[in-house]
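Trainee: Just the structure for this:
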Amino acid sequence: MNLTKYGWNQHQENEPLHLDPNQTVGRISSEYKGQYKLVTDHDQYLAEISGKMRHQAIDRQDFPAVGDWVVISARPDENRATIHRILPRFSKFSRKSAGVTTVEQIVAANMDTVFLVMALNHDFNSRRLERYLTMAWESGANPVIVLSKADLCSDLHVKMAEVEDVAFGVPILPVSAVKDFGKEQLKTYLGTGQTAVFLGSSGAGKSTLTNWLCDKVVQKVNTVREDDDRGRHTTTNRELIVVPDGGVIIDTPGMRELQLWTASDQSLDHSFSDIEQLAAHCRFHDCTHQNEPGCAVQHALTDGHLTQERYNSYLKLQRELAFIRRKTDVQERLKEKARWKKIHTAMRRKH
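Mentor: Numbering: from 1, shown residues only. All right, here's what the predicted structure looks like:
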């Protein structure tokens, strides 16, 4: 197979495939209401999941997402294929789906780099960036912050400093498709076998950046509203796009709402390493950073080394994660119960 142009790399190469004679491997390029488009080293197909796979699925992560590598059997005469299983994911970016139910939505899978796109106009919001960073660290991919529309910014050094204050050690790339600068920096994260996903709010310029990197129009672009610089959801579904110079981009719709799905303490520590470093100097190891004597966090808030806004954001994310964990713990118990019910039902049918 010659799938490197679609992002096949060492992560997949190390996984045993166990293919039947009539099976091959493809990658999900787009999804719409349970129907999939996928690419193989020979062709592109419309695809659906097999009945067995549907029967065994318990929750959303058991279904393919854009960027997934899947084992398929193709029907070239019909230009269609059946998906039998998903190869192990080495990374995935998930969020809680919109609404009151606690359901995972996988935005993209098997990406090496997460480009967090934030425009240098009214879209600029460091509190939202903290949320994106926490989820990017949890994804298993490497985050890179892309400050788009740099040509519209008259105080770039100020904005850069503000981002550096919340993104310790994360690369920050100011770019402008209009003025054609910053492209080579972006391309260092793309190349044969590499996949990157663009994430950001509507109007941040993700589709413009995709067209710019591909040197042609591959995604429709709308202008933002003049009154508030907000976008209009140009990209309506997630799509995998091959970059001519090498690499793959997953373009995503703008996110007006980004609710956490799950995140480990380590991911939160990455995003708020300054607060974690302060907490390490508190007098008591179990300090709640409220009224304890010798609290380094409270001292930093008092002397201005830590802003109240950033600390409030940290507390808010902690509360969200605690809520999500409580919900998912209950759901995991229910899913395990459903899984065993399916197993017992299958065993009874055999006998």
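
Trainee: Ramachandran coordinates for the residue nearest to Leu133 when sequence neighbours are not counted?
Mentor: On the basis of C-beta to C-beta, 6 or more residues apart in numbering, the spatially nearest residue to Leu133 that is not a chain neighbour turns out to be Ser271, at 4.5 Å. To be clear about C-beta, it is placed using only N, CA and C from the backbone, and glycine gets the same treatment. Backbone torsions of Ser271, given as degrees, to the nearest 10, read phi -70, psi -30.

Trainee: Tell me how many other residues crowd Ser271.
Mentor: Counted with other C-beta atoms under 10 Å, residues neighbouring Ser271 total 28.

Trainee: And it, how far from His299?
Mentor: Shown here: Ser271 relative to His299, a distance of 22 Å by C-beta to C-beta, to the nearest Å.

Trainee: Repeat that for His289.
Mentor: Here His289 is placed at a distance of 10 Å from His299 (C-beta to C-beta).

Trainee: So which of the two has more stuff around it?
Mentor: Set side by side, His289 and His299 show unequal neighbour counts under other C-beta under 10 Å, the larger going to His289 at 18 against 14.

Trainee: Excluding sequence neighbours, find me the nearest residue to that one.
Mentor: Val297 (4.2 Å).

Trainee: Now name the helix or strand holding that neighbour.
Mentor: Using DSSP states H and E, the secondary-structure element containing Val297 is helix 296-303.

Trainee: What ranges does the protein have for its helices?
Mentor: Taking DSSP state H as the criterion, the chain carries its helices at 10-13, 51-56, 126-139, 156-164, 183-187, 206-214, 265-271, 273-279, 296-303, 308-350.

Trainee: got the CA coordinates for the second one in CSV?
Mentor: Read that as helix 51-56. Once non-C-alpha atoms are left out, helix 51-56 reads as follows in CSV (Å, rounded to 0.1, in the frame of the first residue of the first chain):
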residue,chain,number,x,y,z
GLY,A,51,-23.8,-4.8,10.4
LYS,A,52,-21.5,-6.6,12.8
MET,A,53,-19.6,-3.4,13.5
ARG,A,54,-22.9,-1.5,14.2
HIS,A,55,-24.2,-4.3,16.4
GLN,A,56,-21.0,-4.3,18.5
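
Trainee: all strands for the stretch 151-300 of the chain, in order.
Mentor: Across the stretch 151-300 of the chain, reading from the start of the chain, the strands by DSSP state E, counting those that start in this stretch fall at 172-174, 195-199, 239-242, 248-251.

Trainee: Redo those strands as a markdown table? Include mean neighbour count.
Mentor: As requested, the strands of the stretch 151-300 of the chain are arranged in a markdown table below (neighbours: other C-beta atoms under 10 Å):
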| stretch | mean neighbour count |
| --- | --- |
| strand 172-174 | 18 |
| strand 195-199 | 27 |
| strand 239-242 | 20 |
| strand 248-251 | 27 |
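
Trainee: quick one, which of those is nearest to Val107?
Mentor: strand 195-199 (7.0 Å; C-beta to C-beta).

Trainee: packing partners for that closest one?
Mentor: Taking 3 or more C-beta pairs under 8 Å, 6 or more residues apart in numbering; DSSP states H and E as contact, the helices and strands that strand 195-199 lies on are strand 104-109, strand 113-119, helix 206-214, strand 248-251.

Trainee: and if we set it to 6 Å?
Mentor: Here strand 195-199 touches strand 113-119, strand 248-251, going by 3 or more C-beta pairs under 6 Å, 6 or more residues apart in numbering; DSSP states H and E.
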